[in-house]
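Visitor: Next one to model:
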Amino acid sequence: MIIQLQGTRTGSTFFYKCLDFHPEITAYPEVFRISPQRFDLNILNKDNKTTCKIMYNHVKHFKFFDRLKGMKIVHISRRNQYKKPLSDVVSNIKHEGLEKKYYDPQRFLKHVLEYKNLVNEYRQLKNFTKYYIEFFMEDFIMPDSTMRQIESDRLCDFLKVSRMVLKSNSKKLTPGKPHWDYFKNAEEIKEIIGV
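Guide: Residues are numbered from 1 along each chain as shown. You can find the predicted model right below:
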């Protein structure tokens with residue numbers, strides 16, 4: 001089994017659909033949405049052409065970090081690590097039905113550091129398996145076809161499948177105005193996180 005590992009709101013559905021696009025790969029979506037009573041951890045022992053999407057919070061909740069050691073891990077993170085908490089906060093602002101919101105800059109910085117620490121924690125898996133590779137989501141969603149080709153080739157080589165450009169029909173979950181436009185104090189937050 002190939003594990004697609006990443007945090008929430010980091011393009012996990014987009015990347016899962018990239019994997020599912022490849023005819024040699026059988027891709028499962030977020031399998032841990034299934035209740036713990038019904039989920040069979042033996043799915044993790046399937047062949048090397050099968051993938052499943054697993055989020056950091058599922059690993060914590062189901063307490064199976066050790067089970068990932070020695071497995072084939074495709075770790076997805078954000079190059080700009082502030083964008084994950086940015087997406088989280090904007091999603092909540094929209095859920096509250098607000099046009100704009102003041103957000104505590106220190107609280108935002110705390111979210112950025114928490115995500116950075118989580119990424120670094122899961123990067124430690126590379127010390128327990130020779131089958132570990134990391135990608136930045138931005139390299140797959142950027143319109144630069146050259147970068148997508150390079151990263152697709154790198155991923156296909158890692159998974160030992162034929163090379164092809166991996167595509168996704170997944171749409172952005174929060175379309176509309178730029179994320180920073182949802183903050184009353186965007187410049188203040190940008191300054192404290194160094195953007």
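
Visitor: Run a quick neighbour tally on the residue lying closest to residue 13 once chain neighbours are set aside.
Guide: In this structure, residue 13 finds its nearest non-sequential neighbour in residue 170, 4.9 Å apart by CB to CB, 6 or more residues apart in numbering. Glycine gets a C-beta too; all of them are placed from N, C-alpha and C. For residue 170, the neighbour count with other CB atoms under 10 Å is 16.

Visitor: wait, what's in contact with residue 170?
Guide: With contacts taken as CB atoms under 8 Å, 6 or more residues apart in numbering, residue 170 has the following neighbours: 13, 14, 17.

Visitor: now the closest residue to the last one other than its chain neighbours: how far from residue 123?
Guide: The reference is to residue 17. Spatially, and ignoring its direct neighbours in sequence, residue 17 is nearest to residue 168 (3.9 Å; CB to CB, 6+ apart). When CB to CB, to the nearest Å is applied, the distance between residue 168 and residue 123 equals 24 Å.

Visitor: those helices in this structure, which residues are they?
Guide: For the chain, the helices defined by DSSP state H cover 12-21, 56-62, 65-68, 83-95, 105-123, 138-141, 145-159, 186-193.

Visitor: winner for burial among the ones you listed?
Guide: Comparing the helices of the chain by mean neighbour count (mean count of other CB atoms under 10 Å), helix 12-21 ranks first with a mean of 20.

Visitor: Quick one: residues in contact with that helix.
Guide: Contacting residues not belonging to helix 12-21 are listed as 4, 6, 25, 27, 29-30, 51, 53, 55, 74, 76, 135, 137, 140-141, 152, 166-170 [CB under 8 Å, 6+ apart].
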